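Chemist: Pasting a predicted model and its sequence here:
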Amino acid sequence: MNLWIRLIWLLLSARRRGALRPPDDASRIDFRVWPHDLDLSVHMNNGRYLTLMDLGRLDVMVRSGLWRAVMDNRWTPIASAITIRFRRELTPFQTFRLETKLVNWDATLVVMEQTFTIVGGDYDGQVAARGLFKGGLYDRKARAFVPIKRLMATIGVSAESPQPSAEVAAFLHADVTMKQAARR
């Protein structure tokens, strides 16, 4: 139930947070760790990070204007690969910020970097976790991923993809390696 509340809050507050223009702008959303986010070790459950990352990506789609096209065309967001590195635990009632930004793309898939940063307290400004996401929007009628150039044109962006950083290149290489191993 709490995820539905966070989703509704995200959608209702999107306009107040203003429009985004990827890849230059990043989504920044503040959250608090609630008791239902905790695992038996009394810190935020590792699966909850991935769920909140979904909300960060949705915020980018909504605030960039892409969400209207997603709904009109009935495209489906698809995750292809995700990696996350945990650095510091998030404890009960701690406030943190999730930053989501577009860092790379090819013809049909994007890579987003998502960073959880502690807000306030002794560890203010420290990164709790950083993840990389690879995915795209799937058009079930066409049975294909929607071309990124089309998505960018939909939101009025004509930028070229930045060169991948070393960590993004390693993530993409690991994804290809895992895909090849699964075919054996």
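Modeler: Sure thing, it's come through.
Chemist: quick one: buried residues of the top strand by length along the chain?
Modeler: Across the chain, the longest stretch assigned as strand under DSSP state E is strand 127-139. Of the residues in strand 127-139, 127-137, 139 count as buried by neighbour count, 16 or more other Cβ atoms under 10 Å. (Glycine included, C-beta is placed from N, CA and C.)
Chemist: After it, which helix or strand is next?
Modeler: Going down the chain from strand 127-139, the next helix or strand is strand 144-145, by DSSP states H and E.
Chemist: From Thr100, how far out is the most centrally placed residue in the chain?
Modeler: Nearest residue to the geometric centre of the chain (Cα atoms, centre = their mean): Arg57, 3.7 Å. Using Cβ to Cβ, to the nearest Å, we find Arg57 at a distance of 6 Å from Thr100.
Chemist: Could you tell me which residues touch both of the two?
Modeler: The contact sets of Arg57 and Thr100 overlap at 112, 114 (Cβ atoms under 8 Å, 6 or more residues apart in numbering).
Chemist: for the longest strand of the chain, what is the average pLDDT?
Modeler: Across strand 127-139, the average pLDDT comes to 98.
Chemist: List the strands paired with that strand, with their directions.
Modeler: Strand pairing for strand 127-139, using DSSP bridges, gives strand 76-86 (antiparallel), strand 110-119 (antiparallel), strand 144-145 (antiparallel).
Chemist: Kindly reformat those strands as a markdown table containing distance to Val62, mean neighbour count and mean pLDDT.
Modeler: Below are the strands paired with strand 127-139 laid out as a markdown table (distance: least, Cβ to Cβ, whole Å; neighbours: other Cβ atoms under 10 Å; pLDDT from 0 to 100):
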| stretch | distance to Val62 | mean neighbour count | mean pLDDT |
| --- | --- | --- | --- |
| strand 76-86 | 12 | 14 | 97 |
| strand 110-119 | 14 | 22 | 98 |
| strand 144-145 | 20 | 15 | 96 |
